[in-house]
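Visitor: Generate a structure from the sequence data that follows.
(one chain, ligands or ions: 1)
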Amino acid sequence: ENTTPLKLSVIGCGYLGAVHAASMAELGHEVVGIEVDVAKAESLAAGRVPFFEPGFEELLRRSLDSGRLSFSSDMADARGAAAHFVCVGTPQRRGEYAADLTYVEAATASLIEVLGPGELVVGKSTVPVGTAARLAEQVAARVPGAALAWNPEFLREGYAVQDTLHPDRLVYGVPSLSGADTAVDAEKVLDTVYARIVADGTPKVVTDYATAEMVKTAANSFLATKISFINAMAELCEATGADVKQLADAIGHDDRIGRKFLNAGLGFGGGCLPKDIRAFMARAGELGADQALTFLREVDNINMRRRIRMVELARQVCDDSLLGKRIAVLGAAFKPDSDDIRDSPALNVAAQLQLQGANVRVTDPQALPNVRRHWSQLDCVDTPEEAAEGADAVLLLTEWKQYRELDPGSFGKVVKTRRVLDGRNALDREAWESAGWTYRALGRRN
Ligand code: UGA
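Guide: Residues are numbered from 1 along each chain as shown. Take a look at the predicted model:
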């Protein structure tokens, strides 16, 4: 063990904060998670995870049992920590592209009330470039001797624990490189926090605030662009009879391109990629550099067009009318191994089908409680078999393992007509076709 234990606080215990807090305790630090939602704080303190994330409950319980992790709704309990991680959300503003910084600003303001000299505020939330410099000024003005660093987080839902404890890289935006006075040696504090990760040889980039903030949005923009690139190719494949999956395999063999994130289908959703590219465009506009990012508008357009195309395809296979047709929707989460339904392509398609008169039944292994809470107009059922009972068509919209592994033979017995639309290019086409299904997919020969 090469960890010098520090006292740390984590402000905001949503997805990012809860995982960060438990992971830092796992690394040997004494951590308090501050969460304004009392029920959420109590649930976490009792070892109950308010969302689905593989492996997280075990980590949370281990950290609680070690006595190094606690939760509180009182900011005063953050007092005296060497580093305070700000992990609150930055959602898209209603009716606008820009990010809503209300939570980041409120969290920082209330943290400043308890902050002491020599302590470091560490921003982890995804923010528009320029935010860190502004917050650093507030910290310096109110608490001389305290400082701020920006340390973006790259975790993926479904792999949150692994990504936090074994990240691809560490990025520190520090005051000295941003031209600010260095009251605290931010790099040294962060190196102490992440000692075990640093010792693993994890690449580290120490830079100024603006670069650190931009690394995050640039990375997510690149990933979104990669997905939309292959989905644009899918549109062309549909027009020419080419096969996007083989195309992706073939171009992916060039390791300058790489096969990852080239899965064509319904496209990206979730709480990050869509809002991050929009906030990035909005910020570029404010900076007078909007031209640099106009391509992201196209990335967004390509992505949204896939959802429309999926609905069209469903109408086509249902003899050109969705009215009164029974449609089974497999998957509601924005991606497998998550119960997150924020901007879920699957639910967007399900709702459009319903608007066009189809009788839609949605199923998902984890996300149904969230669907019932936020999309009460959709009919939810627990199993794929119930969803497919008497169906005119089955749509795979989120590629959960249990759906990829369905046996097309026995599954075919419950439907009215064996038609399957593979919205994620995830099914074994031959197996389904040889079981008598009509198979259609985005970007494939039909
Ligand atoms: C994304 C990034 O991958 C993380 O690195 C980042 O930290 C995170 O956002 C964030 O900003 O917090 P996440 O939203 O969990 O992570 O999900 P991804 O695995 O990136 O998937 C995003 C969407 O793209 C999903 O809807 C997925 O179905 C879709 N996707 C992904 C494709 O359509 N094709 C692909 O080839 C890959």
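Visitor: For the rest of this, base every contact and every neighbour count on C-alpha atoms.
Guide: Noted.
Visitor: Distance from the chain centre to stretch 95-106, please.
Guide: How far stretch 95-106 lies from its chain's middle: 17 Å, per Cα atoms, centre = their mean, to the nearest Å.
Visitor: Ignore what I typed, I meant stretch 436-446.
Guide: That offset, for stretch 436-446, works out to 29 Å (Cα atoms, centre = their mean).
Visitor: phi, psi of K7?
Guide: phi -90, psi 130 (degrees, to the nearest 10).
Visitor: and it, how far is that from the ligand?
Guide: Separation of K7 from the ligand (Cα to the nearest ligand atom, to the nearest Å): 25 Å.
Visitor: With G28 instead?
Guide: 24 Å.
Visitor: who are the neighbours in contact with the residue nearest to that residue when sequence neighbours are not counted?
Guide: In space, and not counting its chain neighbours, G28 is closest to P5: 5.8 Å by Cα to Cα, 6 or more residues apart in numbering. Residues near P5 by Cα atoms under 8 Å, 6 or more residues apart in numbering: G28, H29, E30, V193.
Visitor: how about these, which pair is most distant?
Guide: E30 and V193 (10.6 Å; Cα to Cα).
Visitor: among the contacts of P5, which are in strands?
Guide: Cross-referencing those against strands under DSSP state E gives E30.
Visitor: shared neighbours, E30 and V193?
Guide: P5, L6, M24.
Visitor: what about P274, how many neighbours?
Guide: When counting by other Cα atoms under 10 Å, one arrives at 21 neighbours for P274.
Visitor: Before we go further, it is sitting in a helix, right?
Guide: Yes - when DSSP: H, G, I helix; E, B strand; the rest coil is applied, P274 is found to be in a helix.
Visitor: residues from the stretch 101-250 of the chain in reach of the ligand?
Guide: E153, F154, L155, R156, E157, N220, I227 (Cα under 6 Å from any ligand atom).
Visitor: can I get the residues you listed in JSON lines with pLDDT?
Guide: Formatted as JSON lines, those follow (pLDDT from 0 to 100):
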{"residue": "E153", "pLDDT": "96"}
{"residue": "F154", "pLDDT": "95"}
{"residue": "L155", "pLDDT": "95"}
{"residue": "R156", "pLDDT": "93"}
{"residue": "E157", "pLDDT": "92"}
{"residue": "N220", "pLDDT": "97"}
{"residue": "I227", "pLDDT": "98"}
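Visitor: Filter the residues you listed down to the buried ones.
Guide: Listed as buried from those are E153, F154, L155, E157, N220, I227; burial here means 16 or more other Cα atoms under 10 Å.
Visitor: so what's Q291 up against?
Guide: Per Cα under 8 Å, 6+ apart, neighbours of Q291: none.
Visitor: that older thread, the residues of the stretch 101-250 of the chain next to the ligand in helices, which ones?
Guide: N220, I227 (DSSP state H).
Visitor: starting at the chain centroid, how far to the stretch of helix or strand A239 belongs to?
Guide: In this structure, A239 sits in helix 209-240 according to DSSP states H and E. Distance of helix 209-240 from its chain centroid, counting by Cα atoms, centre = their mean, is 15 Å.
Visitor: Now that helix: buried residues?
Guide: 209-217, 220-221, 223-238.
Visitor: Could you list every helix and strand in contact with it?
Guide: Judged by 3 or more Cα pairs under 8 Å, 6 or more residues apart in numbering; DSSP states H and E, helix 209-240 is in contact with helix 131-142, strand 147-150, strand 170-173, helix 244-252, helix 273-286, helix 294-317.
Visitor: how about the nearest residue to A367, chain neighbours excluded?
Guide: In this structure, A367 finds its nearest non-sequential neighbour in D339, 4.2 Å apart by Cα to Cα, 6+ apart.
Visitor: That neighbour is in contact with F52, isn't it?
Guide: Yes - at 5.6 Å, D339 counts as touching F52 under the criterion of Cα atoms under 8 Å.
Visitor: quick one: which of those two has more around it?
Guide: Shown here are D339 and F52; by other Cα under 10 Å, D339 has more neighbours (23 against 17).
Visitor: Regarding the more buried one, what is its secondary structure?
Guide: coil.
Visitor: could you pull out the strands for the protein?
Guide: Assigned by DSSP E, the chain shows strands spanning 7-11, 30-34, 69-72, 83-86, 120-123, 147-150, 170-173, 204-207, 326-330, 359-363, 379-380, 393-396, 419-422, 438-441.
Visitor: With only the CA atoms kept, save the second one in PDB.
Guide: The C-alpha atoms that make up strand 30-34 are tabulated as PDB, following Å, rounded to 0.1, in the frame of the first residue of the first chain:
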ATOM      1  CA  GLU A  30     -11.500   8.800   4.700                       C
ATOM      2  CA  VAL A  31     -14.400  10.000   2.700                       C
ATOM      3  CA  VAL A  32     -17.600  11.900   3.400                       C
ATOM      4  CA  GLY A  33     -20.200  12.100   0.700                       C
ATOM      5  CA  ILE A  34     -22.400  15.200   0.900                       C
END
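Visitor: Please identify the most buried of the strands of the chain.
Guide: Mean neighbour counts were taken over the strands of the chain using mean count of other Cα atoms under 10 Å, and the top value, a mean of 31, falls to strand 147-150.
Visitor: Identify the residues contacting that strand?
Guide: With Cα under 8 Å, 6+ apart, strand 147-150 has contacts from 118-124, 132, 135-136, 139-140, 172-175, 182-184, 186, 209, 212-213.
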